[in-house]
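Asks: sequence and predicted structure below; questions after.
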Amino acid sequence: MIRIFQNWMERYLASEEAVLLLIILGLGLVVVVTMGGILAPMIASLIIAFLLQGVVQRLTAWGLPHIMAVNIAFLLLVGLLLTGIFVLFPLIWHQTATLFSEVPGMLADWQKIMLALPEKYPQFISEEQVSQIVAAMGSKLGGLGQSVLSFSLAKAPVLIAILVYLVLVPILVFFFLKDAGEIRAWMSSFLPRKRPVMSRIWHEMNIQVANYVRGKVIEILIVGGVSFVCFQFLGLNYALLLAVGVGLSVLVPYIGAAVITLPVAMIGFLQWGWSSEFYYLMIAYGIIQALDGNALVPLLFSEAVNLHPVAIILAVLVFGGIWGFWGVFFAIPLATLIKAVLNAWPVANAEQAEQLEE
């Protein structure tokens, strides 16, 4: 057994770069698990700076000085943040507050629908089962109301932290854009000069993560925008709130689309019942999901993120359990990193392996 382990070590950890890479990956995992929440503003800033780096490069290619290009990209970010805070967020908040105020009426409507089921389908469900379901729904909604109330009263530090992040993140983004070259040079100074494996992994990850992050932002905007136009055209209540949910659902492949379908269907059914408007809504929603999965995703991501669906779902579950929201958001890039490391990992050649086995 010891000989087998020794042969494995000599084959896969034969070079200094392999050992260093293993140490870096281990330290990165420890930092994520222990300090992921603390470093959330830094991570968000890196993502935004990564997205805006393309704007800076395009402006510098047109002949603008680097600092001027950085200032323009920064002003673009500030403009988007102000638009979200003072235009989009109040509308979403208003629809959310309206939805919560109408929850008791929705619950009463669901009770009427549920109580009618034993009369239509007595062989499948009884009045006692319906009463238990209605009681469970009432307790769940009551607990949700208590959670909202406790959040508004006891979670003031979280709201303060959000306000701090709104100031801190743009500042970090500005310096990441302004001093990107210096930061990369400083980090490279701690690594060996000859690092072919790390360079290969970095090159592959730079291409794939850039494609994923930028493509995912575009996908969110397109899916959310098309959903809003469709919901608004059909006259669906809470069109903006539901459209934002549909747009953000693409962050979690497969699972997100399945989860967001329930509130869309419930609100549509409570508004229209078994009518043609409800069927039109579900058909339009199904078309949006089908076009997203079969046309938009292949167009935006192509083969840059080439992972099996089972690997994607496993990555979402594992990294989401380890790192929460950020783990879900970064599930595909992290899975891509693991794949890139496995593909580029330095392995002793076949002759050396045979000698070690002998």
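Replies: Cool, got the structure.
Asks: how far off centre is the helix or strand harbouring residue 164?
Replies: Element membership for residue 164, per DSSP states H and E: helix 156-178. Here helix 156-178 is found 19 Å from its chain centre; the criterion is CA atoms, centre = their mean, to the nearest Å.
Asks: and the pLDDT at the residue nearest the centre of the chain?
Replies: The geometric centre of the chain, computed from its C-alpha atoms, lies nearest to residue 329 (CA atoms, centre = their mean), at 2.9 Å. Residue 329 carries a pLDDT score of 74 in this model.
Asks: equivalent analysis for residue 68, please.
Replies: For residue 68, the predicted pLDDT is 93.
Asks: sorry, back to before: so for the helix holding residue 164, mean pLDDT?
Replies: For helix 156-178, the mean pLDDT works out to 79.
Asks: packing partners for that helix?
Replies: Packing contacts for helix 156-178, counted by 3 or more CB pairs under 8 Å, 6 or more residues apart in numbering; DSSP states H and E, involve helix 40-61, helix 66-83. To be clear about C-beta, it is placed using only N, CA and C from the backbone, and glycine gets the same treatment.
Asks: before we move on, the earlier item: quick check, the residue nearest to the centre of the chain in contact with residue 251.
Replies: Yes: counting by CB atoms under 8 Å, residue 329 touches residue 251, with 5.8 Å between them.
Asks: worst average pLDDT in the helices and strands packed on helix 156-178?
Replies: helix 40-61 (a mean of 84).
Asks: okay, how far is it across stretch 54-68, tip to tip?
Replies: 14 Å (CA to CA, to the nearest Å).
Asks: now do it: everything it contacts.
Replies: 69-70, 72-73, 76, 177-178, 214 (CB atoms under 8 Å, 6 or more residues apart in numbering).
Asks: could you do stretch 211-231 as well?
Replies: Contacts for stretch 211-231 (CB under 8 Å, 6+ apart): 47, 50-51, 54, 239-240, 242-244, 246-248, 250-251, 281, 284-285, 288, 292, 296-297, 300-302, 304-305, 332-333, 336.
Asks: what comes up buried for it?
Replies: 211-216, 219-220, 222-224, 226-228, 230-231 (16 or more other CB atoms under 10 Å).
Asks: look up how far residue 264 lies from residue 173.
Replies: 34 Å (CB to CB, to the nearest Å).
Asks: what subset of the contacts of stretch 211-231 is buried?
Replies: Buried, going by 16+ other CB under 10 Å: 47, 50-51, 239-240, 242-244, 246-247, 250-251, 281, 284-285, 288, 292, 296-297, 300-301, 305, 332-333, 336, out of these.
Asks: quick check: which element contains the residue nearest to residue 271 when sequence neighbours are not counted?
Replies: Distances taken as CB to CB, 6 or more residues apart in numbering put residue 237 closest to residue 271, at 5.5 Å, once the chain neighbours are dropped. When elements are assigned from DSSP H and E, residue 237 belongs to no helix and no strand.
Asks: look up how far residue 99 lies from residue 237.
Replies: 8 Å.
Asks: one step back: show me the contacts of stretch 211-231 that map onto helices.
Replies: 47, 50-51, 54, 239-240, 242-244, 246-248, 281, 284-285, 288, 297, 300-301, 332-333, 336 (DSSP state H).
Asks: tell me the pLDDT of the residue nearest to residue 269 when sequence neighbours are not counted.
Replies: Nearest residue to residue 269 in three dimensions, chain neighbours excluded: residue 278, at 5.8 Å (CB to CB, 6+ apart). pLDDT recorded at residue 278 is 91.
Asks: residue 278 against residue 266, yeah?
Replies: No: Residue 278 lies out of contact with residue 266 (CB under 8 Å); the separation is 10.7 Å.
Asks: higher neighbour count, these two?
Replies: Taking other CB atoms under 10 Å, residue 278 and residue 266 do not tie; residue 278 has more neighbours (18 against 12).
Asks: many thanks, have a good one.
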